[in-house]
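Undergrad: how would this look folded up:
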Amino acid sequence: MILILDFGGKCSRIVGRIVRESKVYCEILPHNVSIDRIKEKNPQGIIFTGEVKEEVNEEIFDLGIKAIGLGSKNKALNEKYGVKVYENETYTDDTKKIINDFLFEECNLKPYWDMKEFVDRSIKEIKEQVGDGKAICGLSGGVDSSVAAVLVHEAIGDNLTCVFVDHGLLRKNEAEEVETFFREKFNMNLIKVDARERFLNKLKGITDPEQKRKIIGEEFIRVFEEEQSKLEGIGYLVQGTIYPDVIESGGDENQVVKSHHNVGGLPEDVNFELVEPLRQLFKDEVREVGTILGIPEEAVHRQPFPGPGLGVRVLGEITEEKLDIVREADYIFRDEIKKAGLDKEIWQYFAILPGIRSVGVSAGKRTYNYTVALRAIYSIDGMTAQWAKIPLEVLEKISDRIVNEVEHVNRVVYDITNKPPATIEWE
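TA: Numbering: from 1, shown residues only. Prediction:
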């Protein structure tokens, strides 16, 4: 494996993707990780990324591990530690060549990180972990939880029961589509729980995004525990946790960006042993696994949807009225993107309700209604993203439909911010 030590910025994510695409396994850790942790990982090479502003632990260089620096804006690594430093900070052919030369010529590694082999190994590991036990899977219908469910189902069959929680924070028609898909396509044991009122009551009056995520995460677990009590011998909980969730939630000693409900949002007293077969995969790797498992293309390439759902797309306090607004606006946005033939080109696109009201005019009368924000991005794995250059005529059509068809909306704006500095979701 290769260890990427991150000094900040987006470079570590770019380097991680290139290493994985070269079929070499890598992990990203903060630059100040302990020397014992590095020894535990036993890397065959180290890549320093970002701007080196502080001292590097000199013990790293006593380990005899080959190292290079990428994206470093000063020469500290080179001058003090004799490490080759390259200024590349973008996803270019030159960067790929630098990394591949390091992997295969300097470190003498072999390309082995293969998703077919990953599937076979994961099925074996899940069988070993669960044995004759039974598992319950929190199924959202999104790509990650769907792939996790099918992968675990391959390993333990009917000993898996999927629980689909309708928390009232789903997109338009989504609950019905998910239920039909898994019952008819995969013939899985599926329990649907209508928890819409329960979640909205818990979220009443809550405005802080981290608190909302943690409430949603805990309430998911409590619902699963209640369903577990109705079944016999359920000792495992399957989650579709992926590597960006772990990194952004502060896992593996990384700095917290935001708590994903299935990582930082979990309560401490979980009454399950977790099964997270996708925990080390980036999003594009998850999609590849889904294809290998025979999941239909429309599900594998479905755009990402956060576990907290529309709960983090309604900024501030969540109400039924606000959810209805963002749900209808989102449906129009997705409908027009598909009609324009851009749905395969754009990685993710959705509507947000920022909680901003502004003055407008409708039917010759003054209005004071909500603003809807639109977000659309190009990305490979969600770790970095560029805002999508949607043709103006398409944006105009989307805006016209939203202000004319969605009640209580009189303004539409478009987010043109990359990740970083922004995240993909607004909360």
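
Undergrad: Between the two ends of stretch 159-174, how far is it?
TA: Terminal residues of stretch 159-174 are spaced 26 Å apart (CA to CA, to the nearest Å).

Undergrad: buried ones in it?
TA: In terms of neighbour count (16 or more other CB atoms under 10 Å), stretch 159-174 has its buried residues at 159-172, 174. Heads up, the C-betas are built off the backbone N, CA and C, glycines and all.

Undergrad: Just give me the closest of these to residue 360.
TA: Nearest to residue 360, judged by CB to CB, of these is residue 172 at 24.2 Å.

Undergrad: which SSE is the closest residue to the closest one other than its chain neighbours in?
TA: Distances taken as CB to CB, 6 or more residues apart in numbering place residue 331 nearest to residue 172, at 4.3 Å, with adjacent residues excluded. In the assignment (DSSP states H and E), residue 331 maps to helix 320-339.

Undergrad: The next helix or strand after that helix vs helix 320-339, what angle?
TA: Sequence-wise, the next helix or strand downstream of helix 320-339 (DSSP H and E) is strand 348-352. Per axes from the mean of the first three to the mean of the last three CA atoms, to 10 degrees, the angle that strand 348-352 makes with helix 320-339 is 150 degrees.

Undergrad: For strand 348-352, which helices and strands make contact with it?
TA: In terms of contacts (3 or more CB pairs under 8 Å, 6 or more residues apart in numbering; DSSP states H and E), strand 348-352 is packed against helix 320-339, strand 365-378.

Undergrad: need those in JSON lines with mean neighbour count and mean pLDDT, can you?
TA: Compiled in JSON lines, these are given as follows (neighbours: other CB atoms under 10 Å; pLDDT from 0 to 100):
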{"stretch": "helix 320-339", "mean neighbour count": "19", "mean pLDDT": "96"}
{"stretch": "strand 365-378", "mean neighbour count": "18", "mean pLDDT": "95"}
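
Undergrad: closest one to residue 17 among these?
TA: Taking CB to CB, strand 365-378 is the member of these nearest to residue 17, at 13.6 Å.

Undergrad: Looking at the next helix or strand after that closest one now, give me its mean pLDDT.
TA: Note on strand 365-378: by DSSP H and E, the next helix or strand toward the C-terminus is strand 386-387. For strand 386-387, mean pLDDT rounds to 96.

Undergrad: Using CSV, write down the CA coordinates of the next helix or strand after strand 386-387.
TA: Note on strand 386-387: by DSSP H and E, the next helix or strand toward the C-terminus is helix 392-405. What follows is helix 392-405, C-alpha atoms only, in CSV (Å, rounded to 0.1, in the frame of the first residue of the first chain):
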residue,chain,number,x,y,z
LEU,A,392,-27.9,29.3,-19.8
GLU,A,393,-31.1,28.4,-21.8
VAL,A,394,-31.4,25.2,-19.7
LEU,A,395,-31.0,27.1,-16.4
GLU,A,396,-33.6,29.7,-17.6
LYS,A,397,-36.1,26.9,-18.3
ILE,A,398,-35.5,25.3,-14.9
SER,A,399,-35.9,28.7,-13.2
ASP,A,400,-39.1,29.6,-15.1
ARG,A,401,-40.7,26.2,-14.2
ILE,A,402,-39.7,26.4,-10.5
VAL,A,403,-41.0,30.0,-9.9
ASN,A,404,-44.2,29.2,-11.8
GLU,A,405,-44.9,25.6,-10.6
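
Undergrad: Output the contacting helices and strands for helix 392-405.
TA: Contact partners of helix 392-405 among helices and strands, from 3+ CB pairs under 8 Å, 6+ apart: helix 320-339, strand 365-378, strand 409-414.

Undergrad: May I have the shortest one exported as PDB, CA atoms only?
TA: Right, strand 409-414. Provided in PDB are the C-alpha atoms of strand 409-414 (Å, rounded to 0.1, in the frame of the first residue of the first chain):
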ATOM      1  CA  VAL A 409     -40.900  30.500  -4.400                       C
ATOM      2  CA  ASN A 410     -40.000  33.700  -6.300                       C
ATOM      3  CA  ARG A 411     -36.300  33.500  -6.900                       C
ATOM      4  CA  VAL A 412     -33.800  30.900  -8.200                       C
ATOM      5  CA  VAL A 413     -30.000  31.100  -7.900                       C
ATOM      6  CA  TYR A 414     -27.200  28.900  -9.100                       C
END
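
Undergrad: Which strands or helices does that strand pack on?
TA: strand 357-362, strand 365-378, helix 392-405.

Undergrad: all helices of the protein, in order?
TA: 11-21, 35-41, 76-81, 93-101, 115-130, 143-156, 174-185, 196-203, 209-230, 243-248, 283-292, 297-300, 320-339, 392-405 (DSSP state H).

Undergrad: re the thing from before, out of the helices and strands packed on strand 409-414, nearest to residue 118?
TA: strand 365-378 (25.7 Å).
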